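sequence first, then the predicted structure, then my questions.
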Amino acid sequence: MAALRKLGRNFWIGVLLIAVNLFALAQILTMPTKPPHVVDPIRDPEVEQLLSYINSGKHSGESWQVTLTDLQAEQTITWYLNKYPQIPFAYPQVQITPDYISGEGDVTVAGVRSHVAAKVKVTLKDGLPVVKILSMNLPPVLQWAQDPVEQAIQSQLQRAADLPVRFTSAEWSNGVVVVKGTIR
């Protein structure tokens with residue numbers, strides 16, 4: 001017993017940290033794995049045409065429309081993620097329904113890749129998108145990240161006010177969304 005007291009508090013803190021890390025590793029290793037959903041990084045032609053027109057500066061209040069299928073949304077997201085590799089997300093899979101959009105993919109945090117999924121409801125208010133998270137499925141070791149993820153989404157949506165477009169409607173159906181708006 002005296003020998004254990006001699007080891008000191010730092011030793012026991014180290015043992016506790018090792019135990020917590022081993023527990024976290026066990027959680028990660030025992031999670032079911034799913035092969036990644038791979039799609040080509042292709043920016044949707046309608047999105048590309050709209051962005052090119054906006055960048056030309058030759059616009060003044062015109063209407064626009066973009067139609068995206070599940071696959072086109074996945075490809076455009078993958079294109080965007082490839083353009084910005086600092087975003088720790090990969091292999092997006094999207095399902096568009098009249099009631100919600102479900103999305104899933106892999107997120108990398110501290111060098112560990114985990115599968116995540118969410119369902120959101122997207123509505124429009126004052127020409128801007130409003131996203132309500134209906135459910136989010138994170139692995140046990142990432143549960144702490146749900147609030148920061150929701151805050152990051154809301155922060156990005158606030159930046160939408162600076163975009164040169166306003167949304168007038170979004171029609172959601174199974175596997176496709178038709179979004180309409182105007183260019184400011």
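Structure received. Just so it is clear, the model here is predicted, and its values are computed rather than measured.

ok, the longest strand seen in the chain: who's next to it in the sheet?
The longest strand of the chain (DSSP state E) is strand 112-125. Applying DSSP bridges, strand 112-125 is found paired with strand 101-109 (antiparallel), strand 128-137 (antiparallel).

and the shortest one, how far out from the chain middle?
Taking the mean C-alpha point of strand 101-109 and that of its whole chain, the gap between them comes to 6 Å (Cα atoms, centre = their mean, to the nearest Å).

with just CA atoms, put that strand into PDB.
Below are the C-alpha coordinates for strand 101-109, written out as PDB (Å, rounded to 0.1, in the frame of the first residue of the first chain):
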ATOM      1  CA  ILE A 101     -33.900  15.600 -46.400                       C
ATOM      2  CA  SER A 102     -31.800  12.800 -44.900                       C
ATOM      3  CA  GLY A 103     -28.100  12.900 -45.300                       C
ATOM      4  CA  GLU A 104     -25.200  10.800 -44.200                       C
ATOM      5  CA  GLY A 105     -21.500  10.400 -44.700                       C
ATOM      6  CA  ASP A 106     -18.200  10.200 -42.900                       C
ATOM      7  CA  VAL A 107     -16.700  12.800 -40.600                       C
ATOM      8  CA  THR A 108     -13.100  12.800 -39.500                       C
ATOM      9  CA  VAL A 109     -12.400  14.200 -36.000                       C
END
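
enumerate every residue touching Val109.
By Cβ atoms under 8 Å, 6 or more residues apart in numbering, the contact set of Val109 is 88, 142, 145. Every residue, glycine included, has its C-beta placed from N, CA and C.

nope, Val131 is what I meant
120-122, 153-154, 157.

please redo it, this time with the cut-off set to 6 Å
120, 122, 153 (Cβ atoms under 6 Å, 6 or more residues apart in numbering).

all helices for the chain, in order.
2-7, 9-30, 45-56, 70-83, 146-159 (DSSP state H).

what's the neighbour count on Gly105?
Applying other Cβ atoms under 10 Å, we find 20 residues neighbouring Gly105.

done for today, thanks.
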